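A.B. asks: okay, sequence plus prediction incoming.
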Amino acid sequence: MLESPVLKARRHAGATLVEAFGWSVPGSYSSAANEYAAVTQRFAVADRSYIGRLRINGNDAVDLLDRLTTNRLADLQEGHLMGTVFTSGKGRIIDLVLLLRRGDHLLAFTGPETRKRIAEWIDFYTFAEDVTVEDETESTAMLSLLGPHAADAVDGLADLDLYQSAEMEVGGVRATVARTDFAGLPGYDFVVPSASGDAIWTALVEQGAEPVGTDVLDLVRIENGIPAYGAELNEDHNPLEAGLKDFISFNKGCYVGQEVVARLDTYDKVQRHLVRLSWKTVQAVSAGAALFFDGKQVGAVTSAAASVSGAAEGLGYVRNAQAGQGTVLTADGDVEVRVGEPVGRD
(Lines give C-alpha, C1' and ligand atoms only; values in the text may rest on other atoms or scores of the structure.)
Protein backbone atom coordinates (compact mmCIF):
# COMPACT_ATOMS: atom_id res chain seq x y z
CA MET A 1 0.00 0.00 0.00
CA LEU A 2 1.56 3.29 -1.14
CA GLU A 3 1.31 6.42 0.98
CA SER A 4 1.38 10.05 -0.11
CA PRO A 5 4.27 12.22 1.11
CA VAL A 6 1.55 14.53 2.44
CA LEU A 7 0.01 11.80 4.61
CA LYS A 8 1.03 13.44 7.90
CA ALA A 9 -0.56 16.74 6.91
CA ARG A 10 -3.73 15.00 5.77
CA ARG A 11 -4.05 13.09 9.03
CA HIS A 12 -3.57 16.35 10.92
CA ALA A 13 -6.42 17.81 8.86
CA GLY A 14 -8.68 14.96 9.98
CA ALA A 15 -8.72 12.79 6.86
CA THR A 16 -10.60 9.50 6.87
CA LEU A 17 -8.30 7.25 4.87
CA VAL A 18 -9.49 4.56 2.47
CA GLU A 19 -7.72 2.18 0.10
CA ALA A 20 -7.91 2.97 -3.61
CA PHE A 21 -5.65 2.55 -6.63
CA GLY A 22 -3.13 0.71 -4.43
CA TRP A 23 -2.76 3.85 -2.29
CA SER A 24 -3.99 5.04 1.07
CA VAL A 25 -6.10 8.04 0.04
CA PRO A 26 -8.37 10.51 1.86
CA GLY A 27 -12.00 9.53 1.38
CA SER A 28 -13.23 12.58 3.29
CA TYR A 29 -12.28 15.24 5.85
CA SER A 30 -15.66 16.56 6.97
CA SER A 31 -19.25 16.17 5.81
CA ALA A 32 -20.02 15.63 2.14
CA ALA A 33 -22.14 18.80 2.16
CA ASN A 34 -19.28 20.94 3.50
CA GLU A 35 -16.74 19.56 1.06
CA TYR A 36 -19.12 19.81 -1.88
CA ALA A 37 -19.86 23.46 -1.05
CA ALA A 38 -16.13 24.21 -0.87
CA VAL A 39 -15.48 22.65 -4.28
CA THR A 40 -18.48 24.08 -6.11
CA GLN A 41 -18.84 27.49 -4.45
CA ARG A 42 -15.38 28.47 -3.13
CA PHE A 43 -12.13 26.54 -3.53
CA ALA A 44 -10.60 23.42 -2.06
CA VAL A 45 -7.36 21.45 -1.95
CA ALA A 46 -6.98 17.73 -2.66
CA ASP A 47 -3.99 15.44 -2.38
CA ARG A 48 -3.81 13.67 -5.75
CA SER A 49 -0.31 12.27 -5.41
CA TYR A 50 -1.72 8.93 -6.59
CA ILE A 51 -1.95 10.25 -10.17
CA GLY A 52 0.89 8.77 -12.26
CA ARG A 53 3.72 11.11 -13.28
CA LEU A 54 6.22 9.94 -15.89
CA ARG A 55 9.17 11.96 -17.13
CA ILE A 56 9.76 11.09 -20.79
CA ASN A 57 13.24 12.14 -21.92
CA GLY A 58 14.98 12.22 -25.27
CA ASN A 59 15.08 14.04 -28.58
CA ASP A 60 12.59 11.63 -30.13
CA ALA A 61 10.01 11.66 -27.31
CA VAL A 62 7.44 13.86 -29.05
CA ASP A 63 7.76 12.04 -32.37
CA LEU A 64 7.48 8.58 -30.79
CA LEU A 65 4.43 9.45 -28.70
CA ASP A 66 2.84 11.06 -31.75
CA ARG A 67 3.08 7.62 -33.40
CA LEU A 68 1.66 5.86 -30.33
CA THR A 69 -1.30 8.07 -29.43
CA THR A 70 -4.32 9.76 -30.96
CA ASN A 71 -3.52 13.49 -30.84
CA ARG A 72 -1.20 15.63 -32.96
CA LEU A 73 1.68 16.10 -30.52
CA ALA A 74 3.74 18.06 -33.03
CA ASP A 75 1.42 20.97 -32.18
CA LEU A 76 2.25 20.80 -28.45
CA GLN A 77 4.03 23.99 -27.42
CA GLU A 78 6.52 24.52 -24.60
CA GLY A 79 4.73 24.97 -21.27
CA HIS A 80 1.43 23.68 -22.60
CA LEU A 81 -0.45 20.42 -22.04
CA MET A 82 -2.32 18.20 -24.44
CA GLY A 83 -4.60 15.26 -23.82
CA THR A 84 -4.00 12.19 -25.96
CA VAL A 85 -5.23 8.60 -25.85
CA PHE A 86 -3.00 5.53 -25.80
CA THR A 87 -4.95 2.94 -27.78
CA SER A 88 -4.36 -0.76 -28.30
CA GLY A 89 -3.97 -2.30 -31.73
CA LYS A 90 -7.74 -2.90 -31.63
CA GLY A 91 -8.40 0.80 -31.06
CA ARG A 92 -9.39 0.31 -27.41
CA ILE A 93 -8.51 2.74 -24.61
CA ILE A 94 -5.36 2.02 -22.60
CA ASP A 95 -5.47 5.45 -20.94
CA LEU A 96 -6.18 9.12 -21.55
CA VAL A 97 -2.90 10.87 -20.71
CA LEU A 98 -2.09 14.56 -20.29
CA LEU A 99 1.33 15.51 -21.64
CA LEU A 100 3.17 18.66 -20.52
CA ARG A 101 6.06 19.85 -22.70
CA ARG A 102 8.91 21.09 -20.51
CA GLY A 103 12.24 21.95 -22.09
CA ASP A 104 14.05 18.72 -22.92
CA HIS A 105 11.33 16.33 -21.72
CA LEU A 106 7.62 15.59 -21.43
CA LEU A 107 5.79 15.14 -18.14
CA ALA A 108 2.97 12.62 -18.55
CA PHE A 109 0.01 12.51 -16.14
CA THR A 110 -1.53 9.04 -16.24
CA GLY A 111 -4.26 7.17 -14.41
CA PRO A 112 -3.27 5.89 -10.94
CA GLU A 113 -3.22 2.30 -12.15
CA THR A 114 -1.71 2.74 -15.61
CA ARG A 115 1.66 4.40 -15.06
CA LYS A 116 3.58 1.14 -15.33
CA ARG A 117 1.53 0.01 -18.33
CA ILE A 118 2.19 3.30 -20.13
CA ALA A 119 5.92 3.18 -19.36
CA GLU A 120 6.10 -0.42 -20.60
CA TRP A 121 4.08 0.45 -23.73
CA ILE A 122 6.50 3.26 -24.61
CA ASP A 123 9.49 1.01 -23.95
CA PHE A 124 8.03 -1.76 -26.12
CA TYR A 125 7.78 0.56 -29.12
CA THR A 126 11.17 2.20 -28.57
CA PHE A 127 13.80 0.77 -30.93
CA ALA A 128 16.55 3.14 -32.13
CA GLU A 129 14.76 6.24 -30.83
CA ASP A 130 16.34 8.49 -28.20
CA VAL A 131 13.63 8.00 -25.57
CA THR A 132 13.75 7.00 -21.90
CA VAL A 133 11.03 6.98 -19.24
CA GLU A 134 11.43 7.77 -15.53
CA ASP A 135 8.60 7.16 -13.08
CA GLU A 136 8.50 10.21 -10.77
CA THR A 137 5.21 9.36 -9.07
CA GLU A 138 6.71 8.30 -5.76
CA SER A 139 9.50 10.90 -5.72
CA THR A 140 7.08 13.82 -6.11
CA ALA A 141 3.82 15.03 -4.59
CA MET A 142 0.83 16.51 -6.41
CA LEU A 143 -1.61 18.83 -4.66
CA SER A 144 -4.62 20.08 -6.57
CA LEU A 145 -6.51 23.31 -6.03
CA LEU A 146 -10.01 23.47 -7.51
CA GLY A 147 -13.22 25.45 -7.40
CA PRO A 148 -14.71 28.58 -8.99
CA HIS A 149 -12.46 30.85 -6.90
CA ALA A 150 -9.31 28.71 -6.99
CA ALA A 151 -7.46 31.25 -9.12
CA ASP A 152 -7.77 33.82 -6.30
CA ALA A 153 -5.73 31.70 -3.88
CA VAL A 154 -2.29 32.05 -5.48
CA ASP A 155 -0.85 34.96 -7.45
CA GLY A 156 -0.45 34.04 -11.10
CA LEU A 157 -3.08 31.32 -11.34
CA ALA A 158 -5.56 33.65 -13.01
CA ASP A 159 -3.08 34.07 -15.89
CA LEU A 160 -3.22 30.37 -16.76
CA ASP A 161 -5.67 29.25 -19.40
CA LEU A 162 -6.77 25.62 -19.61
CA TYR A 163 -3.82 23.35 -20.49
CA GLN A 164 -1.19 25.96 -19.68
CA SER A 165 1.53 25.64 -17.04
CA ALA A 166 4.01 27.82 -15.16
CA GLU A 167 6.70 27.64 -12.51
CA MET A 168 5.51 29.35 -9.32
CA GLU A 169 6.70 29.80 -5.76
CA VAL A 170 4.14 28.76 -3.15
CA GLY A 171 4.91 28.58 0.55
CA GLY A 172 8.59 29.12 -0.21
CA VAL A 173 8.62 26.12 -2.56
CA ARG A 174 9.10 26.15 -6.33
CA ALA A 175 6.28 24.20 -7.99
CA THR A 176 5.29 23.22 -11.50
CA VAL A 177 1.66 24.32 -11.79
CA ALA A 178 -0.63 23.07 -14.56
CA ARG A 179 -4.22 24.05 -15.17
CA THR A 180 -6.07 20.83 -16.03
CA ASP A 181 -9.68 21.34 -14.80
CA PHE A 182 -9.52 17.65 -13.91
CA ALA A 183 -12.97 17.51 -12.30
CA GLY A 184 -14.78 19.80 -14.73
CA LEU A 185 -14.19 22.92 -12.61
CA PRO A 186 -11.23 25.33 -12.60
CA GLY A 187 -8.44 23.09 -11.32
CA TYR A 188 -4.69 23.52 -10.85
CA ASP A 189 -2.17 20.77 -10.13
CA PHE A 190 0.97 21.61 -8.12
CA VAL A 191 3.85 19.15 -8.62
CA VAL A 192 6.78 19.35 -6.21
CA PRO A 193 9.48 17.05 -4.79
CA SER A 194 8.08 14.74 -2.11
CA ALA A 195 9.86 16.56 0.70
CA SER A 196 8.07 19.80 -0.23
CA GLY A 197 4.55 18.38 -0.28
CA ASP A 198 3.66 19.39 3.27
CA ALA A 199 4.81 22.96 2.67
CA ILE A 200 2.58 23.35 -0.40
CA TRP A 201 -0.37 21.76 1.39
CA THR A 202 0.05 24.07 4.40
CA ALA A 203 0.38 27.16 2.21
CA LEU A 204 -2.82 26.38 0.28
CA VAL A 205 -4.79 25.62 3.46
CA GLU A 206 -3.56 28.90 4.99
CA GLN A 207 -4.92 30.68 1.90
CA GLY A 208 -8.37 29.33 2.80
CA ALA A 209 -8.52 26.14 0.74
CA GLU A 210 -10.66 23.51 2.45
CA PRO A 211 -9.32 19.92 2.28
CA VAL A 212 -11.55 17.53 0.33
CA GLY A 213 -11.35 13.78 -0.24
CA THR A 214 -11.90 11.41 -3.11
CA ASP A 215 -15.62 10.89 -2.34
CA VAL A 216 -16.58 14.45 -3.25
CA LEU A 217 -14.03 14.64 -6.08
CA ASP A 218 -15.64 11.60 -7.64
CA LEU A 219 -19.13 13.08 -7.29
CA VAL A 220 -18.08 16.35 -8.90
CA ARG A 221 -16.31 14.72 -11.85
CA ILE A 222 -19.39 12.48 -12.43
CA GLU A 223 -21.71 15.50 -12.33
CA ASN A 224 -19.49 17.23 -14.88
CA GLY A 225 -19.26 14.21 -17.17
CA ILE A 226 -15.54 13.54 -16.76
CA PRO A 227 -14.64 9.90 -17.53
CA ALA A 228 -12.07 8.18 -15.31
CA TYR A 229 -9.69 5.30 -15.83
CA GLY A 230 -10.96 1.99 -14.46
CA ALA A 231 -14.57 3.15 -14.72
CA GLU A 232 -15.26 4.64 -18.16
CA LEU A 233 -11.75 4.41 -19.62
CA ASN A 234 -10.48 0.89 -20.24
CA GLU A 235 -9.97 -1.65 -23.00
CA ASP A 236 -13.66 -2.52 -23.07
CA HIS A 237 -14.27 0.77 -24.90
CA ASN A 238 -12.91 2.87 -27.73
CA PRO A 239 -12.25 6.63 -27.48
CA LEU A 240 -15.21 7.57 -29.69
CA GLU A 241 -17.67 5.74 -27.41
CA ALA A 242 -16.11 7.54 -24.44
CA GLY A 243 -16.62 11.01 -25.94
CA LEU A 244 -12.89 11.66 -26.37
CA LYS A 245 -13.07 13.04 -29.90
CA ASP A 246 -11.43 16.31 -28.80
CA PHE A 247 -8.28 14.30 -28.06
CA ILE A 248 -8.10 12.67 -31.50
CA SER A 249 -6.50 14.00 -34.69
CA PHE A 250 -8.04 12.44 -37.79
CA ASN A 251 -5.50 13.84 -40.27
CA LYS A 252 -2.09 13.48 -38.61
CA GLY A 253 -1.19 10.04 -39.93
CA CYS A 254 -0.75 6.63 -38.35
CA TYR A 255 -0.65 5.67 -34.69
CA VAL A 256 -1.28 2.39 -32.89
CA GLY A 257 -4.99 1.58 -33.33
CA GLN A 258 -5.51 4.41 -35.85
CA GLU A 259 -7.13 2.30 -38.57
CA VAL A 260 -9.82 0.99 -36.22
CA VAL A 261 -10.62 4.43 -34.76
CA ALA A 262 -10.71 6.05 -38.22
CA ARG A 263 -12.99 3.32 -39.61
CA LEU A 264 -15.41 3.69 -36.69
CA ASP A 265 -15.61 7.43 -37.31
CA THR A 266 -15.75 7.35 -41.11
CA TYR A 267 -18.47 4.73 -41.33
CA ASP A 268 -20.35 5.84 -38.20
CA LYS A 269 -19.93 2.43 -36.60
CA VAL A 270 -19.92 3.54 -32.96
CA GLN A 271 -22.79 1.61 -31.42
CA ARG A 272 -22.95 3.05 -27.89
CA HIS A 273 -22.04 6.26 -26.14
CA LEU A 274 -21.11 7.46 -22.69
CA VAL A 275 -23.92 9.51 -21.12
CA ARG A 276 -24.84 11.13 -17.84
CA LEU A 277 -27.43 9.30 -15.75
CA SER A 278 -29.62 10.20 -12.77
CA TRP A 279 -32.03 8.45 -10.39
CA LYS A 280 -33.44 8.84 -6.87
CA THR A 281 -30.95 8.27 -4.07
CA VAL A 282 -33.41 6.16 -2.08
CA GLN A 283 -33.09 3.58 -4.84
CA ALA A 284 -29.49 2.44 -4.90
CA VAL A 285 -27.80 1.74 -8.21
CA SER A 286 -24.13 0.75 -8.23
CA ALA A 287 -21.42 0.89 -10.84
CA GLY A 288 -21.69 -2.24 -12.94
CA ALA A 289 -25.49 -2.36 -12.87
CA ALA A 290 -27.09 -3.38 -16.15
CA LEU A 291 -29.47 -0.93 -17.84
CA PHE A 292 -32.61 -2.16 -19.60
CA PHE A 293 -35.15 -0.79 -22.06
CA ASP A 294 -38.32 -2.79 -22.77
CA GLY A 295 -36.78 -5.75 -21.00
CA LYS A 296 -33.60 -5.82 -23.09
CA GLN A 297 -30.18 -4.82 -21.81
CA VAL A 298 -28.98 -1.69 -23.60
CA GLY A 299 -26.11 -0.54 -21.42
CA ALA A 300 -24.43 -0.46 -18.03
CA VAL A 301 -23.60 2.01 -15.27
CA THR A 302 -19.87 2.74 -14.99
CA SER A 303 -19.84 5.30 -12.15
CA ALA A 304 -22.36 6.21 -9.46
CA ALA A 305 -22.44 8.68 -6.57
CA ALA A 306 -25.05 10.06 -4.20
CA SER A 307 -25.63 13.77 -4.69
CA VAL A 308 -25.91 16.17 -1.78
CA SER A 309 -29.04 17.61 -3.42
CA GLY A 310 -31.18 14.51 -2.92
CA ALA A 311 -30.67 12.79 -6.27
CA ALA A 312 -28.03 10.41 -7.53
CA GLU A 313 -25.66 10.90 -10.44
CA GLY A 314 -23.93 8.43 -12.67
CA LEU A 315 -22.23 7.76 -15.96
CA GLY A 316 -22.76 4.80 -18.22
CA TYR A 317 -22.53 3.41 -21.72
CA VAL A 318 -25.87 3.12 -23.53
CA ARG A 319 -26.67 1.89 -27.04
CA ASN A 320 -27.30 4.67 -29.54
CA ALA A 321 -31.03 4.07 -29.90
CA GLN A 322 -31.61 4.62 -26.18
CA ALA A 323 -28.88 7.23 -25.54
CA GLY A 324 -31.10 10.23 -26.22
CA GLN A 325 -31.50 12.76 -23.42
CA GLY A 326 -34.64 12.09 -21.39
CA THR A 327 -34.88 8.36 -22.18
CA VAL A 328 -35.98 6.37 -19.11
CA LEU A 329 -34.17 3.07 -18.52
CA THR A 330 -34.42 0.61 -15.65
CA ALA A 331 -31.81 -0.97 -13.40
CA ASP A 332 -31.63 -3.20 -10.33
CA GLY A 333 -35.19 -4.04 -9.40
CA ASP A 334 -36.88 -1.67 -11.85
CA VAL A 335 -35.22 1.50 -10.55
CA GLU A 336 -35.91 4.27 -13.09
CA VAL A 337 -32.69 5.74 -14.51
CA ARG A 338 -32.97 8.82 -16.70
CA VAL A 339 -30.48 9.49 -19.50
CA GLY A 340 -28.96 12.96 -19.43
CA GLU A 341 -26.52 14.80 -21.65
CA PRO A 342 -23.92 12.85 -23.64
CA VAL A 343 -20.29 13.07 -22.54
CA GLY A 344 -17.93 14.92 -24.86
CA ARG A 345 -20.41 15.49 -27.70
CA ASP A 346 -22.47 18.45 -28.89
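C.D. replies: Done, it's in.

A.B. asks: quick one: distance of stretch 194-209 to the chain centre.
C.D. replies: 22 Å (C-alpha atoms, centre = their mean, to the nearest Å).

A.B. asks: which residues does that stretch contact?
C.D. replies: When contacts are defined by C-beta atoms under 8 Å, 6 or more residues apart in numbering, stretch 194-209 is touched by residues 4-6, 8-10, 13, 38, 42-45, 47, 49, 138-141, 143, 145, 150, 153-154, 170-173, 175, 190, 192, 211. Yep, even glycine has a C-beta here, placed from its N, CA and C like the rest.

A.B. asks: emit the ChimeraX select command for whichever of those residues are buried.
C.D. replies: Burial among those is assessed by 16 or more other C-beta atoms under 10 Å; the matching ChimeraX selection reads:
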select :4,5,6,9,10,13,38,42,43,44,45,47,49,140,141,143,145,150,153,154,170,171,173,175,190,192,211
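
A.B. asks: which ones among the contacts of stretch 194-209 are found in helices?
C.D. replies: If you go by DSSP state H, the contacts of stretch 194-209 have 8-10, 38 in helices.

A.B. asks: one step back: in strands only, show me the contacts of stretch 194-209.
C.D. replies: The members of the contacts of stretch 194-209 that map onto strands under DSSP state E are 44-45, 47, 140-141, 143, 145, 170, 173, 175, 190, 192, 211.

A.B. asks: tell me which two in those are the farthest apart.
C.D. replies: Maximum pairwise distance in the ones in strands among the contacts of stretch 194-209, criterion C-beta to C-beta, is 20.9 Å, between Ala44 and Thr140.

A.B. asks: ok, back up a step: out of the ones in helices among the contacts of stretch 194-209, who's nearest Thr327?
C.D. replies: Ala38 (33.9 Å).

A.B. asks: from Leu54, how far off is that closest one?
C.D. replies: Using C-beta to C-beta, to the nearest Å, we find Ala38 at a distance of 31 Å from Leu54.

A.B. asks: can you check Arg101 too?
C.D. replies: Separation of Arg101 from Leu54 (C-beta to C-beta): 14 Å.

A.B. asks: ok, and the closest non-adjacent residue to Ala20?
C.D. replies: Counting by C-beta to C-beta, 6 or more residues apart in numbering, Ala20 lies nearest to Thr214, which is 6.4 Å off, once chain neighbours are set aside.

A.B. asks: do His273 as well
C.D. replies: His273's closest residue in space is Ala323 (C-beta to C-beta, 6+ apart), at 4.9 Å.

A.B. asks: again with Ala150
C.D. replies: Phe43 (4.1 Å).

A.B. asks: that neighbour is in contact with Leu145, isn't it?
C.D. replies: Yes - using C-beta atoms under 8 Å, Phe43 makes contact with Leu145 at a distance of 6.2 Å.

A.B. asks: spit out the residues that contact these two alike.
C.D. replies: Any residue near both Phe43 and Leu145 by C-beta under 8 Å, 6+ apart counts here, and that gives 153, 209.

A.B. asks: and Ser307, how far is that from Lys280?
C.D. replies: Remark: distance between Ser307 and Lys280 (C-beta to C-beta) = 10 Å.

A.B. asks: next: Asp60.
C.D. replies: If you go by C-beta to C-beta, the gap between Asp60 and Lys280 works out to 54 Å.

A.B. asks: over to Thr266?
C.D. replies: In this structure, Thr266 and Lys280 are 41 Å apart, going by C-beta to C-beta.

A.B. asks: what sits against Phe43?
C.D. replies: By C-beta under 8 Å, 6+ apart, the contact set of Phe43 is 145-150, 152-153, 208-210.

A.B. asks: and the pLDDT at it?
C.D. replies: pLDDT recorded at Phe43 is 98.

A.B. asks: first residue to last residue on stretch 6-25, what's the distance there?
C.D. replies: 10 Å (C-alpha to C-alpha, to the nearest Å).

A.B. asks: could you do stretch 1-15 as well?
C.D. replies: 17 Å.

A.B. asks: please state the offset of it from the chain centre?
C.D. replies: Worked out by C-alpha atoms, centre = their mean, stretch 1-15 lies 21 Å from the chain centre.

A.B. asks: show residues contacting it.
C.D. replies: Residues outside stretch 1-15 that contact it (C-beta under 8 Å, 6+ apart): 17, 19, 22-30, 47, 49-50, 138, 141, 143, 194-195, 197-198, 201-202, 205, 211, 213.

A.B. asks: out of those, list just those in strands.
C.D. replies: Counting by DSSP E, the part of the contacts of stretch 1-15 found in strands is 17, 19, 23-28, 47, 141, 143, 211.

A.B. asks: mind putting those into TSV with distance to Val328 and pLDDT?
C.D. replies: Formatted as TSV, those follow (distance: C-beta to C-beta, whole Å; pLDDT from 0 to 100):
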residue	distance to Val328	pLDDT
Leu17	39	93
Glu19	36	94
Trp23	38	94
Ser24	40	93
Val25	35	92
Pro26	36	93
Gly27	32	95
Ser28	32	96
Asp47	39	96
Ala141	45	97
Leu143	41	97
Pro211	38	97
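
A.B. asks: so where is this structure shaky, pLDDT-wise?
C.D. replies: Filtered on pLDDT under 70, the chain yields the residue ranges 282, 345-346.

A.B. asks: domains in it, by residue range?
C.D. replies: 1-267, 271-342 (automatic domain parsing).

A.B. asks: and for Asp236, the neighbour number?
C.D. replies: Counted with other C-beta atoms under 10 Å, the neighbours of Asp236 add up to 12.

A.B. asks: since that was my last question, I'll sign off now.
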